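Undergrad: Here's my sequence, what's the structure:
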Amino acid sequence: MLPENKNAILYGAGGSIGGAVAREFAREGVKVFLAGRTHEKLEVIARDIEAAGGSVEVAVLDALEEQAVDKHALVLQCHYALPGLSSFGFRHLATQLDHLRNRLTPR
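TA: All right, here's what the predicted structure looks like:
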């Protein structure tokens, strides 16, 4: 059980794992900020969360672009003045995938 009045940014939220995490957080009373590359996928998850009574916001960005992620988190912190904001996401996984992609790309 997560405490109420919490907020979470989920990067890479358009996939099945990110969507499941977002839905569960929302069920526990967490305001969820979904971020990912595909607006349509994010909107499906957002509609599910809203239909269940949850609070959600959507932003389109690529979690592999570190500057975009940092800017997005900063904008949310400044705009919403959110207490308890955690930049939770699949950022570590995205970083690992980026390193793997760089190693596999011919030079």
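Undergrad: Helix or strand with the lowest mean pLDDT in this protein?
TA: Of all helical and strand segments in the chain, the minimum by mean pLDDT, DSSP states H and E falls on strand 85-86, at a mean of 52.
Undergrad: elements contacting the host helix or strand of D70?
TA: If you go by DSSP states H and E, D70 is part of helix 66-80. Packing partners of helix 66-80 (3 or more CB pairs under 8 Å, 6 or more residues apart in numbering; DSSP states H and E): strand 7-11, strand 31-36, strand 85-86. Backbone N, C-alpha and C define where each C-beta goes, glycine included.
Undergrad: I'd like the mean pLDDT over it, please.
TA: The predicted model gives helix 66-80 an average pLDDT of 83.
Undergrad: and that helix, which residues are buried?
TA: By neighbour count, with 16 or more other CB atoms under 10 Å as the criterion, the buried positions of helix 66-80 are 68-69, 72-73, 76.
Undergrad: cool, stretch 17-37 as well?
TA: 18-19, 21-23, 25-26, 30-36.
Undergrad: can you give me how far that stretch is from the chain middle?
TA: Mean-position distance between stretch 17-37 and its chain equals 7 Å (CA atoms, centre = their mean, to the nearest Å).
Undergrad: Quick check: end-to-end length of it?
TA: 15 Å (CA to CA, to the nearest Å).
Undergrad: Make residue 1 into 49 and carry on from there
TA: Sure, I'll start numbering at 49, so the last one becomes stretch 65-85.
Undergrad: give me the element G102 is part of.
TA: Going by DSSP H and E, G102 is not in any helix or strand.
Undergrad: How about the one 10 residues further on?
TA: Using DSSP H and E, no element contains L112; it sits outside every helix and strand.
Undergrad: I'd like to know how many residues surround it.
TA: 16 (other CB atoms under 10 Å).
Undergrad: quick one, what contacts G102?
TA: Applying CB atoms under 8 Å, 6 or more residues apart in numbering, we find G102 in contact with 71, 74-75, 79-80.
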